[in-house]
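**Student:** Got a predicted structure plus its sequence, pasted below:
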Amino acid sequence: MKTDFHTYLVGGAVRDQLLGVPWHERDWVVVGAAPEQLLNLGFRPVGQDFPVFLHPQTGEEYALARTERKSGRGYGGFTFHATPEVTLEEDLQRRDLTINAMAMDDQGKIIDPYGGQQDIADRLLRHVSPAFAEDPLRVLRVARFAARYAPLGFRVADETLQLMRELAESGELRELTPERSWKEISRALMEDRPDVFIRVLRDCGALAELLPEVDCLFGVPQPEAHHPEVDTGEHVLLVLQQAARMQLPLAARWACLLHDLGKGRTPERFWPKHHGHESKGLAAVKAVNQRSKAPRECQELALLTCEYHTHCHRALELKPGTLMKLFRAFDIYRRPERFEQFLGACEADARGRTGLEQREYPQADFLRGAAAAARSAQVQRLLEQGYQGAELGKQMEQERLRLVSAYCQASRSAVKPE
């Protein structure tokens with residue numbers, strides 16, 4: 001159908017085509033149109049704050065070209081102006097990074113008024129205009145892009161990092177809603193280099209504003225014999241690297257980020273030792289969980305991993321009764337996937353140490369075997385023997401303990417801790 005307006009492919013699809021990496025969504029901007037024109041063509045409106053429409057056949061998003069102006073604090077403090085007179089260049093200028101401020105017409109021509117192609121060549125994440133500093137959410141977005149494209153050699157431009165620092169110092173990051181922050185944090189943790197996300201936030205001062213419990217781990221020493229990297233914050237970054245290499249799910253990566261928060265609460269006079277850091281960290285993990293409004297499965301696994309990760313590391317030494325307490329804490333009979341994610345987080349923790357990245361971790365397989373032994377207990381035999389109610393539960397626990405004890409006796413002679 002002939003129209004008197006123009007549509008352009010914008011954003012990530014253009015950027016990733018030029019980078020030669022996979023892309024999954026396409027966004028379009030419409031220049032020279034009024035909302036009524038799109039409605040008459042069957043487009044369905046979905047935008048609340050500004051005009052966005054879904055294509056009647058593809059379901060892809062088409063947004064009217066718009067400008068925006070700062071009108072308050074925080075992510076939502078903007079007023080938008082969308083009329084047929086807004087140009088493509090004006091629409092692109094409001095975007096965060098130059099590599100996201102390019103468009104492609106229907107002939108495949110790239111429109112690049114702000115140097116995005118050159119910044120791709122230079123591997124730079126650079127802001128489009130000083131208006132970047134009007135939106136605090138962009139601090140997290142840039143850090144997330146840094147995590148995504150670090151394997152390609154990208155870094156944050158110095159002048160952009162300075163604007164991010166000014167935003168962190170302004171206090172506006174505290175205006176972000178937990179939901180918006182969590183969306184960026186969770187996406188960043190699932191990138192190939194989630195450690196870069198944390199590093200960039202720290203470099204600009206945003207980590208101290210958003211996750212002070214993590215920020216305070218930097219500069220806290222650990223025993224060099226066990227942690228050649230010494231610094232607890234650096235250790236957490238190494239653990240995140242391992243979590244990404246192991247392709248752990250989000251809940252396990254969140255647990256990796258928070259597992260050592262208790263070391264930030266050790267008085268300096270006890271450094272570099274951190275006795276009891278597991279239990280000391282629980283209050284800090286709860287605080288981060290509540291403030292971030294992380295999903296329930298993330299919150300639960302982070303708390304359990306904080307409390308029990310050293311149990312996992314010492315698994316080959318634990319008594320059968322202690323193993324049974326561990327299994328009850330994780331409810332391995334109804335939640336086997338949660339225990340498996342815990343084992344992954346603990347393996348990442350063990351390997352997240354300088355020079356020990358390839359170290360074997362037999363504890364994980366040992367615990368998998370012990371858990372399988374506990375699960376193999378058959379309730380039917382006990383029912384046939386006449387046990388019921390509370391007595392049945394007691395006998396079931398004793399049978400599980402017997403099976404776990406037999407497994408430990410048979411296994412420990414073959415699997416020795418390093």
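**Tutor:** Looks like it arrived, so ask away. As the structure is a prediction and not an experimental result, all values here were calculated from the model.
**Student:** nearest spatial neighbour of the spatially most central residue of the chain, skipping sequence neighbours?
**Tutor:** The chain has residue 189 as the residue nearest its centroid, 2.3 Å off, counting by CA atoms, centre = their mean. Nearest residue to residue 189, sequence neighbours excluded (CB to CB, 6 or more residues apart in numbering): residue 253, at 4.5 Å. The C-beta positions use only the backbone N, C-alpha and C, and glycine is treated the same way.
**Student:** Helix, strand, or coil at the one you found?
**Tutor:** Per DSSP: H, G, I helix; E, B strand; the rest coil, the secondary structure class of residue 253 is helix.
**Student:** residues near it, how many?
**Tutor:** Using other CB atoms under 10 Å, residue 253 has 29 other residues around it.
**Student:** give me every residue that touches it.
**Tutor:** 189, 190, 194, 240, 243, 244, 345 (CB atoms under 8 Å, 6 or more residues apart in numbering).
**Student:** and the gap between the last one and residue 400?
**Tutor:** What it means is residue 345. According to CB to CB, to the nearest Å, residue 345 stands 24 Å off from residue 400.
**Student:** Low-confidence stretches in the protein?
**Tutor:** Residues of the chain that meet the criterion pLDDT under 70 lie in 1-3, 49-50, 69-79, 413-418.
**Student:** can you give me the strands in the stretch 51-200 of the chain?
**Tutor:** Using DSSP state E, counting those that start in this stretch, the strands of the stretch 51-200 of the chain run over residues 52-54, 61-64, 67-70, 78-81, 103-104, 110-111, 124-125, 155-156.
**Student:** Including distance to residue 32 and mean neighbour count, could the ones you listed go into JSON lines?
**Tutor:** Formatted as JSON lines, the strands of the stretch 51-200 of the chain follow (distance: least, CB to CB, whole Å; neighbours: other CB atoms under 10 Å):
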{"stretch": "strand 52-54", "distance to residue 32": "15", "mean neighbour count": "20"}
{"stretch": "strand 61-64", "distance to residue 32": "9", "mean neighbour count": "20"}
{"stretch": "strand 67-70", "distance to residue 32": "15", "mean neighbour count": "14"}
{"stretch": "strand 78-81", "distance to residue 32": "15", "mean neighbour count": "14"}
{"stretch": "strand 103-104", "distance to residue 32": "14", "mean neighbour count": "22"}
{"stretch": "strand 110-111", "distance to residue 32": "14", "mean neighbour count": "16"}
{"stretch": "strand 124-125", "distance to residue 32": "31", "mean neighbour count": "22"}
{"stretch": "strand 155-156", "distance to residue 32": "35", "mean neighbour count": "20"}
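**Student:** distance between stretch 251-271 and the chain's centre?
**Tutor:** In terms of CA atoms, centre = their mean, to the nearest Å, the centre of stretch 251-271 is set 17 Å apart from its chain centre.
**Student:** residue contacts, the closest residue to residue 16 other than its chain neighbours?
**Tutor:** Using CB to CB, 6+ apart and skipping the chain neighbours, the partner closest in space to residue 16 is residue 23 (3.8 Å). Contact analysis of residue 23 by CB under 8 Å, 6+ apart lists 12, 13, 15, 16, 17.
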